Structure formats: C-alpha cells, structure tokens
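A.B. asks: have a look at this prediction, sequence included:
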Amino acid sequence: MGTFSSQDIVYEPRRLRSPGGVTSPAGRRLKEERTTGLFAVPVGAGNPITVSLFVSNPATQAESAELRVRMAADGELATVFFRIVTVPAGEVRKIDLGDLAGETIEVSLSPPSAVLVPSVSVWEYFPADGGIIVHAAKYPGDFVIL
C-alpha cells in the first residue's frame with residue numbers, strides 16, 4: 001500500500017508485455033518515457049523501507065503525466081503502481097510506496113516532453129529514535145529518455 005498526499009492508494013501487480021515496450025512494425029518504440037532504468041531497492045535492518053516518488057511542476061499552469069513503477073520479475077517487468085498525476089503550477093506531489101524492499105524496480109514518467117520534474121528516494125525509518133537513512137536517490141538528471 002502507498003500513500004498519495006494523505007490518501008491511501010492500493011496497488012496490485014499486473015503483468016505487461018516484454019520490457020522493451022510497444023514497437024512499430026519498423027521496430028521503433030511508439031511511446032517514449034523518461035525512466036530511471038532498473039535499480040535495486042535495498043532490504044532494511046528490520047525497519048520499513050519506503051520508495052518516495054516526487055513530481056514537481058515549475059510551470060505556470062497545471063501539468064499532467066503518467067507515473068509508473070515496474071518491478072523486474074522472471075525476466076519481465078510487472079507494473080506495481082500506475083497513476084496519472086496532475087501537479088498544479090509551482091507545486092510538488094509526493095507518493096510513498098512500501099513493500100518494495102529487495103526488489104529491482106524502474107520508475108518512469110511519460111510523456112518525456114512534459115515540464116514535470118521527477119525524482120525518487122529510497123529511505124528507511126527507525127522508529128526508536130525517529131532517524132531516517134536515505135539508501136538511494138534518483139535525481140532529475142538520472143532519468144533518461146527511452
């Protein structure tokens with residue numbers, strides 16, 4: 001389960017076609033996206049691991065894009081989270097996802113031409129002292145267009 005702002009989001013894995021995406025008869029990809037590529041989500045020291053997705057909008061008007069998290073399983077990519085995110089001008093949306101510790105994931109945003117700026121952080125919360133450790137971060141420059 002994840003949270004979007006203060007609302008609960010329930011997601012269920014779905015199977016997709018091959019990780020190569022949809023291609024035309026000429027072999028060219030039809031849908032482009034901005035992606036982190038695959039990266040491993042570490043396993044914590046017995047504490048919850050959270051993957052936080054951030055989408056900011058520096059534009060002067062609201063912008064929308066598809067935000068997707070896929071998990072590598074059995075040589076394929078399965079979508080574990082999908083949402084069309086609308087971000088008002090000058091604001092940021094944060095989505096927290098749990099239950100991904102130890103998995104290999106990919107975060108993508110499409111269309112890549114959108115003005116929206118994505119980033120990801122993987123962190124562990126220590127309830128005993130309220131401490132947080134950031135295990136991984138994917139900054140806007142880490143996203144590539146496929």
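C.D. replies: Arrived safely. Since the model is a prediction, treat every value here as computed from it, not as a measurement.
A.B. asks: who's in contact with the closest residue to residue 126 other than its chain neighbours?
C.D. replies: Ranked by C-beta to C-beta, 6 or more residues apart in numbering and with sequence neighbours excluded, the top spatial neighbour of residue 126 is residue 47, at 5.6 Å. Quick note: C-beta positions are derived from backbone N, CA and C, even for glycine. By C-beta atoms under 8 Å, 6 or more residues apart in numbering, the contact list for residue 47 reads 124-127.
A.B. asks: just the buried subset of those, please.
C.D. replies: Buried residues within the contacts of residue 47, defined by neighbour count using 16 or more other C-beta atoms under 10 Å: residue 124.
A.B. asks: let me have the contacts of residue 47 in a markdown table, adding pLDDT as columns.
C.D. replies: Rendered in a markdown table, the data for the contacts of residue 47 read as follows (pLDDT from 0 to 100):
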| residue | pLDDT |
| --- | --- |
| 124 | 94 |
| 125 | 92 |
| 126 | 91 |
| 127 | 89 |
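A.B. asks: closest one of the contacts of residue 47 to residue 141?
C.D. replies: Using C-beta to C-beta, the shortest approach to residue 141 within those belongs to residue 124, at 24.0 Å.
A.B. asks: so that closest one, which state does it fall into?
C.D. replies: Secondary structure assignment for residue 124 (DSSP: H, G, I helix; E, B strand; the rest coil): strand.
A.B. asks: hmm, residue 45 and it touching each other?
C.D. replies: Yes. Applying C-beta atoms under 8 Å as the test, residue 124 and residue 45 come out as touching, 7.2 Å apart.
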